[in-house]
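Engineer: starting from these lines, generate the structure:
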Amino acid sequence: MSHSTPKHAVVTRSQWLAARRQLWLHEKAFTHQRDELAAARRALPWVRVEQDYRFHGPCGELSLAELFAGRSQLLVYHFMFAEGWSEGCPGCSFLADHFDGANLHLAHHDVSLVAVSQAPFAQFQAFRQRMGWQFPWYSSHGSAFNEDFGVTVATDGSAQYNYEPYSGDEAELPGLSAFYRDADGSLYHTYSTYARGLDILVNAYNFLDLAPLGRNEEGTMDWVRHHDRYEGAQDKPHCCGD
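Structural biologist: Numbering: from 1, shown residues only. From the prediction side, this is the model:
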């Protein structure tokens with residue numbers, strides 16, 4: 001992250017307005033393209049979920065259907081927290097810092113937003129308390145859920161991540177999957193996204209994209225820390241990037 005003063009064009013107000021109007025036209029076109037992309041995402045075909053995935057939460061074992069909490073739509077954030085870890089990925093934690101505010105509204109629009117991690121449920125409770133999060137966070141330990149939705153991967157060179165071959169050395173990776181439950185209780189997988197596809201979840205980045213220096217990164221999220229560690233030691237590396 002650079003703190004130096006950038007070399008930048010300085011112009012009159014009228015010149016700035018002319019340049020701003022050109023950018024405004026570009027922004028309007030992008031907004032329409034984004035709307036078209038969202039419509040194409042909604043138009044994807046669905047896959048019926050046949051597997052009886054089991055999860056663990058504060059009240060014991062749950063099914064995938066129970067994660068919907070009575071709603072018809074479910075968003076699952078695949079939070080990187082593997083068995084044996086003492087804290088979650090800093091990049092996933094950066095995203096998760098946005099969830100509680102969103103849930104104040106999503107819960108009233110027929111959408112449940114939850115996190116799921118591979119580690120046993122008891123293992124991430126101290127970290128959750130440390131972070132102060134309230135969103136539902138479940139364990140998929142003992143099920144194939146993470147593997148089936150592409151976020152726990154083999155490291156033998158045969159793995160796929162983000163719809164392409166994966167050659168990294170991380171076995172746990174970030175993602176988000178969307179599901180629908182119809183009136184008769186049938187469940188469908190509708191969408192999954194990974195890596196930079198998760199940018200849309202990070203409203204802090206939207207603010208930074210409006211700031212004079214933008215994201216000001218040398219690598220994706222290279223400046224991000226757990227929110228209680230910005231004044232302390234650097235967090236361990238994370239892979240919620242490219």
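
Engineer: which residues in the protein form strands?
Structural biologist: All strands of the chain, identified by DSSP state E, fall at 47-48, 54-57, 60-63, 73-78, 111-117, 137-139, 160-161, 164-165, 175-181, 187-194.

Engineer: could these go into TSV alongside distance to residue 14 and mean pLDDT?
Structural biologist: C-betas here are computed from N, CA, C, even on glycine. Below are the strands of the chain laid out as TSV (distance: least, Cβ to Cβ, whole Å; pLDDT from 0 to 100):
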stretch	distance to residue 14	mean pLDDT
strand 47-48	55	99
strand 54-57	60	98
strand 60-63	61	98
strand 73-78	46	99
strand 111-117	46	99
strand 137-139	53	99
strand 160-161	50	92
strand 164-165	48	93
strand 175-181	45	99
strand 187-194	42	99
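
Engineer: compare these and give me the one nearest residue 125.
Structural biologist: strand 137-139 (8.9 Å; Cβ to Cβ).

Engineer: what's the closest one packed up against?
Structural biologist: When contacts are defined as 3 or more Cβ pairs under 8 Å, 6 or more residues apart in numbering; DSSP states H and E, strand 137-139 sits against strand 54-57, strand 111-117.

Engineer: what about the strands of the chain, which gets the closest to residue 23?
Structural biologist: Closest to residue 23 of those is strand 187-194 (Cβ to Cβ; 27.4 Å).

Engineer: between strand 73-78 and the closest one, find me the angle.
Structural biologist: Angle, strand 187-194 to strand 73-78, by axes from the mean of the first three to the mean of the last three Cα atoms, to 10 degrees: 40 degrees.

Engineer: list the contacts of strand 187-194.
Structural biologist: 41, 44, 46-49, 64-65, 149-151, 161-163, 173-182 (Cβ atoms under 8 Å, 6 or more residues apart in numbering).

Engineer: how does the protein divide into domains?
Structural biologist: Annotated domains of the chain cover 13-43, 47-200 [automatic domain parsing].

Engineer: rebuild those domains as CSV, extending it with mean neighbour count and distance to residue 225.
Structural biologist: CSV is the format used below for the domains of the chain (neighbours: other Cβ atoms under 10 Å; distance: least, Cβ to Cβ, whole Å):
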stretch, mean neighbour count, distance to residue 225
domain 13-43, 10, 30
domain 47-200, 17, 6
